[in-house]
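sharing a model that was predicted from the sequence below.
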Amino acid sequence: MTAVTITTPTEREIHAERIFDAPRDRVWKAFTDPTLIPEWWGPGTEVETMDVRTGGSWRFVTKAGGNESVSQGEYLEVTPPERIVQTFEIWGKVHTETFTFEDRGEQTHFTVTMRYDTTEERDQLIAYGGEKFMNAGYDRVDRLLEKLASA
């Protein structure tokens, strides 16, 4: 497992990188198969909608600790197994995310760039512990990838 590396290349962006010890097709599947999302998105996650294609949409409901949050968005671009561009809406705020999956044989170089409307919105994610939550989620992806390899 490797930790996520986070940078802020512009006043409105967060860029995160991580190496997954799995081939790209397996990592792509972990991010695009609605039956696998609950295993890494977070405890209590239900996938209500996940139509992974350009023009499709997604909606996840997470119930944990007596709270419920809804995350949703639209797929603006889907280029299997290389790239996803999507909107991400939670708590009334929307930003754009670009995921890339670079094939490195038995590893995948994964990046996500999140673009916010304002610097303040970007900084809220950082202050809220975004790096900690990304690492926790991607650690769960690692465990899922190990499970898929042995299946």
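Cool, got the structure.

what about the strands in this protein?
Using DSSP state E, the strands assigned to the chain run over residues 5-7, 13-20, 45-50, 57-64, 67-79, 83-90, 93-104, 107-115.

what's the helix or strand bottoming out on mean pLDDT in the chain packed up against?
One helix or strand of the chain scores below all others by mean pLDDT, DSSP states H and E: helix 119-127, with a mean of 91. The contact analysis (3 or more Cβ pairs under 8 Å, 6 or more residues apart in numbering; DSSP states H and E) places helix 119-127 against strand 13-20. Any C-beta I mention is one placed from the backbone N, CA and C, and that applies to glycine too.

restricting to C-alpha, output the strand it packs on in CSV.
Provided in CSV are the C-alpha atoms of strand 13-20 (Å, rounded to 0.1, in the frame of the first residue of the first chain):
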residue,chain,number,x,y,z
GLU,A,13,-7.5,22.4,-7.7
ILE,A,14,-6.4,19.4,-5.6
HIS,A,15,-4.4,16.8,-7.4
ALA,A,16,-3.9,13.3,-5.8
GLU,A,17,-1.7,10.4,-7.0
ARG,A,18,-1.4,6.9,-5.8
ILE,A,19,0.1,3.6,-7.1
PHE,A,20,-2.1,0.6,-6.8
